[in-house]
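Asker: sequence and predicted structure, then a few things I'm wondering about:
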Number of protein chains: 2
Amino acid sequence: MKYQYLTNIDLDKAVADYIAFLQKADMTPRVETVPVPQSLNRVTAQAVYAKLCSPHYNASAMDGIALKAADTFGATDTTPVRLAPEQYTRVDTGDPLPAGCDAVVMIEDVIEQDDDTVLLYGAATPWQHIRQIGEDISAGDMIIPSFTEITPAAMGAMLAGGVLNVSVLSVPRVGIIPTGDEVVPPSDNPGEGDVMEFNSTIFSGMLRTWGAEPVVYPIVKDDFDLICAALKKASEECDAVLLGAGTSAGRDDDTAAAIKQLGEVLYHGIAIKPGKPAVLGRIGEKAVMGIPGYPVSGILVLEHIFRPVIDSWLHRSVKEETVEVKLGRRLNSSLKYREFVRATLSVDAQGELVAVPLNRGAGVVTSFVKADCILDIDQDAEGVEAGGKTRARLLRDRKALEQRVAIVGSHDPLIDEAIDLLRRVRTDISLSSSHVGSMGGIMAVKSGQAHMGGVHLLDEATGIYNNAYIDKYFPEGGVALVECVQRTQGLMVTAGNPKNIRGFEDIARSDISYVNRQKGSGTRILCDFQLKQLGMDASSVYGYEREEFTHTGVAAQIAGGTADCGLGILSAARIYGLDFIPVCDEQYDLLIARSALELPSVQAFLEVLGSPAFKERLLALGGYGVDQPGRIRKVW
Amino acid sequence: MKYQYLTNIDLDKAVADYIAFLQKADMTPRVETVPVPQSLNRVTAQAVYAKLCSPHYNASAMDGIALKAADTFGATDTTPVRLAPEQYTRVDTGDPLPAGCDAVVMIEDVIEQDDDTVLLYGAATPWQHIRQIGEDISAGDMIIPSFTEITPAAMGAMLAGGVLNVSVLSVPRVGIIPTGDEVVPPSDNPGEGDVMEFNSTIFSGMLRTWGAEPVVYPIVKDDFDLICAALKKASEECDAVLLGAGTSAGRDDDTAAAIKQLGEVLYHGIAIKPGKPAVLGRIGEKAVMGIPGYPVSGILVLEHIFRPVIDSWLHRSVKEETVEVKLGRRLNSSLKYREFVRATLSVDAQGELVAVPLNRGAGVVTSFVKADCILDIDQDAEGVEAGGKTRARLLRDRKALEQRVAIVGSHDPLIDEAIDLLRRVRTDISLSSSHVGSMGGIMAVKSGQAHMGGVHLLDEATGIYNNAYIDKYFPEGGVALVECVQRTQGLMVTAGNPKNIRGFEDIARSDISYVNRQKGSGTRILCDFQLKQLGMDASSVYGYEREEFTHTGVAAQIAGGTADCGLGILSAARIYGLDFIPVCDEQYDLLIARSALELPSVQAFLEVLGSPAFKERLLALGGYGVDQPGRIRKVW
């Protein structure tokens, strides 16, 4: 039953070969006839010809009188022509042109006489003010060709042309079969070891976006016979099937074996990362793919391999548009795979798009929520240096990216709250935030990749926050420091403090497990300062090397029981119901590039900081003091 | 009851004032909770926070053994560490980390001994190969802010964060009420004077595209009380109402009066063309608009005025992107209105987008099918000169436009048939065609606005087609003539030939009404040549000035009974069941720019011309002879 990776095949070749393989197996879209009003965004199966002319009769285009133009010849300002009642007919706009008439005169130009005759002071041109038969469409004209997506205007044109029903390609039905012993439906109270199955929801959304109809089947246990039975059923009921491979290494072997049992496998193993274990096969003429279990891998395999299958079925030509972006920091990559890396983008001072790679974990689905682009790193590249260029597929409009304000720096939930408050009043302003620590924020503002960033950097010499660091890193000036909040840092401790931790001096105790923040974060610097003041040695602290990137990340480890304490802010401790031992109050400010300070979007953000609504949200979070948030404290 | 245009208000001001007017009246989106899997493309009503960490437990990221890292310290290649069975636990990927363990060692690095102890030749780092709690999302983190469109990845992130239901803005229900005594549902057999109601279908499609739900009400007769009753019902059942105004001038007065009766009218009359008679009002807090009856006017009013209302309801910020385009020919415009003109686009030799305006008729819905952009001509402009620049909103991807092959020239249905045949095998190639007559085609190729065009221009001196014209208009060369078809031109005559027309010599008879083609078309030149040969005077032909732009357009007038005959091709006569009196055979060729000749897309098109499938379609159309279509006859 065991089945090894057979291939490490180039992505583009795999896709081209797979489509050829399916076409050879006679993959053909079904065709159906639908009423035109229900045909929006469907794809025509053949050319559509008008059955009627539109308009289908000669119609008056004005309110006025219809007449024979020849009867008016010779009429001028000084020599009017008089028409007897039998020489003209009153018509309203849209009325059919009476027989024998070939022109309409606007009612404004008609001088009515008492005896029902009319005077005209100008000659009519034949066919004036008449919407002639076929002005829009002539019967027999091709309205839209084959394999064309139907727009609202095309629906109107078809109806105008007397076409009430249209032959379209069927919406492909795509079965999704999740598998795995430990896999459970989404829950807000999962058991330990339960893996929540949300891939089918993500995949369904993607399929709908691409014009396909997802059919999600129940979760199947890791049993070869059960998997084969589910696959057989789905391949009979659908036009294509995506078989989830669970999350374990080796699960895709069963997937490949099951497809092989019922059909044929073309490739198992594509030279991309993530996504390598994908299986490309068929059952009969139907595409059947094994999709890796990690969501990030699955999403990329669907986008890069399955979407072209759908496009081919729908006879749609989708050209992926790529741009060149500059790397904000070095990115390593394997020579064995073409690598796709989610990244955020900002526009630097030179107007270039600068990418900062996001967490590459295959399970990190939020990276797709945050990502602005997918970097595409060639297989034969060992990586890209900071400042080097690489290809990327944009996930957001370039214009939107250019106008977006980038907040890069220390993590505090208040940044997200402020962004949310601003969105509630101004959806035309777009802001992004990344948590890279205070030092990361300084570097991002310095390099022009960020407009602003949260900083809380303690100067050990003076005990004053931030100023000394800005003096050092911005000797040429060009930035301002804007007041934000005072916040309390402290030890977050297991609820009830079972190990009776009294303060920082206890974190090196042999029964205590600590969880730290990453290097360069203000909180890490504070931790090191505390250790130094207490004359403690970092190496004596168990867990000192265990780094989390956010306050909530630290709190989550403590609440999860794998650490006893960690330094962080009160609001994070509260969310997780942890005890909190205050250590110190600190100043959390916003460092802002002076060039950004006058941007209307930055001004709007600073206004939010000063608003009562923001104060209310801080109060709800807890652990903050405010004086005059939004005030410029100092300009460099 | 009569109500005059009150205003001629600037569009941008009208939109801004209307939204402020509706907000003041308390227009507020409804909010509803939906299961996350059903939330695709919906807009969040508030920020969404994670309820759970994802993963929600510390999980092994590998198949291997879980252990305490400290137990492995000191292990090297030469000094392995031996672990007793109670010091480790076997784990598979995804398994929860057993209590007391803080690292996982891959199974490949574990040397198993017979006594169930294991040997490790390297030390483990704490937390290695563990997916820690919250690696993706920490409970309490904001997943997406307010007023954000939900993507497939966001659905996955919400489920991963334990969020099963999400609060979203309701889909706005928009009532559409068609009105008019003469208005009937779409039909393939409408009576004379019936106006087919397809605006509601077009508008429904547009609304769906914008994330709203259309509700189409039955057609209401032109009766003020009936209109008020329908409006009242719709405004109670929907979030906004679009009231169709019929097609007659003055119908919008009733519309405005009805809205005024039940609510308030802000503006009646916007300074745009088409679209002036739009009515902007409300009933209670609900937007109610009077929409002009002509489809083109209605579409533009919906796009420019009602779409911003929907965007405001859904808290969505849509920035219309405009580009600058060059006018291919002079465009006149009124100083009284800002004018929107549909146009096709091509890319000229300088890489600039060149626009050619389409038929401006307000009833010409096909112009929206053909249009590549909407030109936006300022109110204070009298027009734009040929070569002048103006703003345009692109309806197609710029990249697609750049890669498209433009066929501009003489009308023959075979061009559409060839395009359709090519689409059936190559949807990656995009072609457009415009019918501007043979001379128009020569000019378009000469100016670089077209890659090729159909030509059939008779040289009176030699009787040879096309060559003399190309000699004259391309003295520098740069073009090639490609053989297409021989076709029969003749007089299309009312079915049964009731007036006993025998040939061209009869068209000046006093009982005969003729319909002509436009100046510059090959068929018009042929007509003039025939008249000259017969020594006839154009002014003696009734209808000589009546111009149609296509063969089917001419045939439609004859079939409609307002003309007795016209010059055209057999296939057009056949579609309309007309009699046909052959006049001559002519050569219909393709003029192609030499720079375009080697394009793969043009090559593919020429291949289609030579294909059996094309020959089959010509046979079905009738009246064509083929020798070697696709063959290059001469290069200049």
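Answerer: Done, it's in.
Asker: tell me the contacts of the nearest residue to A:Gln350 once chain neighbours are set aside?
Answerer: What sits nearest to A:Gln350 in space, not counting adjacent residues and going by CB to CB, 6 or more residues apart in numbering or on different chains, is A:Gly448, at 7.9 Å. For every residue, glycine as well, the C-beta is placed using N, CA and C. Listed by CB atoms under 8 Å, 6 or more residues apart in numbering or on different chains, the contact set of A:Gly448 reads A:348-350, A:593.
Asker: equivalent analysis for A:Ser513, please.
Answerer: A:542-543, A:562-564.
Asker: for the residue nearest to A:Gln350, phi and psi?
Answerer: phi 80, psi 10 (degrees, to the nearest 10).
Asker: may I see the buried residues of stretch A:73-90?
Answerer: Under the neighbour-count criterion of 16 or more other CB atoms under 10 Å in any protein chain shown, stretch A:73-90 has A:75, A:80-81, A:83, A:87-89 buried.
Asker: point out where chain A drops to low pLDDT.
Answerer: A:1-5, A:246-252 (pLDDT under 70).
Asker: now do the SS call for the residue sitting furthest away from the middle of chain A.
Answerer: In chain A, the residue that sits farthest from the middle, by CA atoms, centre = their mean, is A:Asp115; the gap is 73.0 Å. Secondary structure, DSSP: H, G, I helix; E, B strand; the rest coil: A:Asp115 is coil.
Asker: could you measure from it over to A:Leu83?
Answerer: Going from A:Asp115 to A:Leu83 by CB to CB, to the nearest Å gives 11 Å.
Asker: next, count neighbours for A:Ile227.
Answerer: Each residue near A:Ile227 was counted by other CB atoms under 10 Å in any protein chain shown, and the total is 23.
Asker: pull the most distant pair out of the contacts of A:Ser513.
Answerer: Greatest spatial distance among the contacts of A:Ser513 (CB to CB): A:Tyr542 and A:Thr562, at 11.5 Å.
Asker: neighbour count: those two, which is higher?
Answerer: Neighbours were counted for A:Tyr542 and for A:Thr562 using other CB under 10 Å; A:Thr562 has more, 23 against 20.
Asker: for the more buried one, which non-adjacent residue is spatially closest?
Answerer: That would be B:Asn58: by CB to CB, 6+ apart, it lies 5.8 Å from A:Thr562.
Asker: cool, and A:Ala596?
Answerer: Closest residue to A:Ala596 apart from its sequence neighbours, by CB to CB, 6+ apart: A:His451 at 3.9 Å.
Asker: residue contacts, that neighbour?
Answerer: A:405-407, A:445, A:592-593, A:596, A:599, A:602.
Asker: repeat that for A:Glu586.
Answerer: Residues near A:Glu586 by CB under 8 Å, 6+ apart: A:456, A:458, A:465, A:486-489, A:522, A:526.
Asker: do that again at 10 Å, thanks
Answerer: For A:Glu586, the contact set (CB atoms under 10 Å, 6 or more residues apart in numbering or on different chains) comprises A:456-458, A:465-466, A:485-489, A:522-523, A:526, A:569.
Asker: so which of those residues belong to helices?
Answerer: A:522-523, A:526 (DSSP state H).
Asker: re the thing from before, in a markdown table, list the contacts of A:Glu586 along with distance to chain B and neighbour count.
Answerer: Shown next, in a markdown table, are those (distance: CB to the nearest CB, whole Å; neighbours: other CB atoms under 10 Å in any protein chain shown):
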| residue | distance to chain B | neighbour count |
| --- | --- | --- |
| A:His456 | 19 | 27 |
| A:Leu457 | 23 | 28 |
| A:Leu458 | 25 | 23 |
| A:Tyr465 | 25 | 20 |
| A:Asn466 | 25 | 24 |
| A:Val485 | 17 | 24 |
| A:Gln486 | 21 | 17 |
| A:Arg487 | 16 | 24 |
| A:Thr488 | 17 | 18 |
| A:Gln489 | 17 | 25 |
| A:Gly522 | 18 | 27 |
| A:Thr523 | 15 | 25 |
| A:Leu526 | 20 | 21 |
| A:Ile569 | 12 | 29 |
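Asker: narrow these to those in strands?
Answerer: A:485-489, A:569 (DSSP state E).
Asker: the residues you listed: which two are farthest apart?
Answerer: A:Val485 and A:Gln489, at 12.2 Å, using CB to CB across the ones in strands among the contacts of A:Glu586.
Asker: common neighbours of these two, please.
Answerer: A:456, A:586, A:588, A:623.
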